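Colleague: Here is my input, please return the structure:
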Amino acid sequence: MENVYKVLKEIEQGKAGLAVYSTEKTKMAGSMNGDMMISLASAAKAATGFAVAGLVEEGRLCWEDTIENISFNPAEDSEELYPHLQGRSSLSLREAVEVMIACHDSYVANSVATHAGGWEIINDRIQKDLPAIHVTENPRDDKNKGRLDEMLELMIRIYYSYKKNPVCWLPIINGLVRQNDRVEGIPFHHLNHMTGGLETALVDVGIIGAFRESPLLFVLAAVDLPDRSSDNHADQKIIEALKLLYKEKEGAYDPTIACLNRETAAGMEKS
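Modeller: I've put the predicted structure just below:
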């Protein structure tokens, strides 16, 4: 893990943080600036999905509920990942949550929140367990933020809730699995994650390693960065750290492989 810390410390303009949990050893595997507040951008949709699954478990919502007047954000990739859903005016809550996470779709996220009773209900359910996380309709809002260590706790709760009750938590896991963000050198099925990024901040949360073989749960983030549309140094260091994490788990790191994920290429959130 020392190599991961070293790479993150090479982000000199701004501040980087890391939190990693080993499901094999059932304990923290690494932490750096865990109390740092981070911009969530689209990664907030993982927290929104967590809230909805919690409301379903409590009997306040049902995955088979129908959400009417659905529209997809044309700036995102639902047409690529879910071509069979295009043209539909309604989705089940189960389908909507999966698409919201997989496609970072803020239009679908707002429909999901509205069905749940509004963003206040979503935040109340999140903060019942994770008081330092707050999500908003607009992923670019300054109030759309969370503490780094609580975002890891979010991933821990999602992972173990799925292990305990897979039927209920499947839409969130499906959304993470179907992400279109690929990192060269890491097999697609060994990285189930969600990225978020603004002009001066980025975050990556998820599961790394074979899902059924005690993976690592992680959060990588950086804030107060130079404009990422013209300076992608932090993006590249976060990707390098991600590859080193994969080496920690699988021994598959290749530092010679160059990689750009969707957030790097776009420079900022489209939604």
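Colleague: For the nearest residue to residue 153 once chain neighbours are set aside, give me its contacts.
Modeller: Distances taken as C-beta to C-beta, 6 or more residues apart in numbering put residue 130 closest to residue 153, at 6.1 Å, once the chain neighbours are dropped. All C-beta atoms are positioned from the backbone trio N, CA, C, and that covers glycine. Residue 130 is in contact with 47, 146, 150, 153, 154, counting by C-beta atoms under 8 Å, 6 or more residues apart in numbering.
Colleague: Just to be sure, which of those residues are found in helices?
Modeller: Taking DSSP state H as the definition of helices, these contribute 47, 150, 153, 154.
Colleague: can you pull out the helices in this structure?
Modeller: Remark: helices assigned in the chain by DSSP H are 2-9, 44-57, 78-81, 93-102, 106-116, 119-129, 148-164, 166-177, 233-250, 262-266.
Colleague: looking at the ones you listed, which has the lowest confidence?
Modeller: Among the helices of the chain, helix 262-266 carries the lowest mean pLDDT, at a mean of 40.
Colleague: Name the nearest of the contacts of residue 130 relative to residue 223.
Modeller: residue 146 (11.7 Å; C-beta to C-beta).
Colleague: and the nearest residue to the closest one once chain neighbours are set aside, how many residues sit next to it?
Modeller: Distance criterion C-beta to C-beta, 6+ apart; nearest residue to residue 146, sequence neighbours excluded, is residue 133 at 3.7 Å. Residue 133: 24 surrounding residues under other C-beta atoms under 10 Å.
Colleague: do you know how far residue 133 is from residue 213?
Modeller: 29 Å (C-beta to C-beta, to the nearest Å).
Colleague: Quick check: residue 243 touching residue 186?
Modeller: Yes: counting by C-beta atoms under 8 Å, residue 243 touches residue 186, with 6.6 Å between them.
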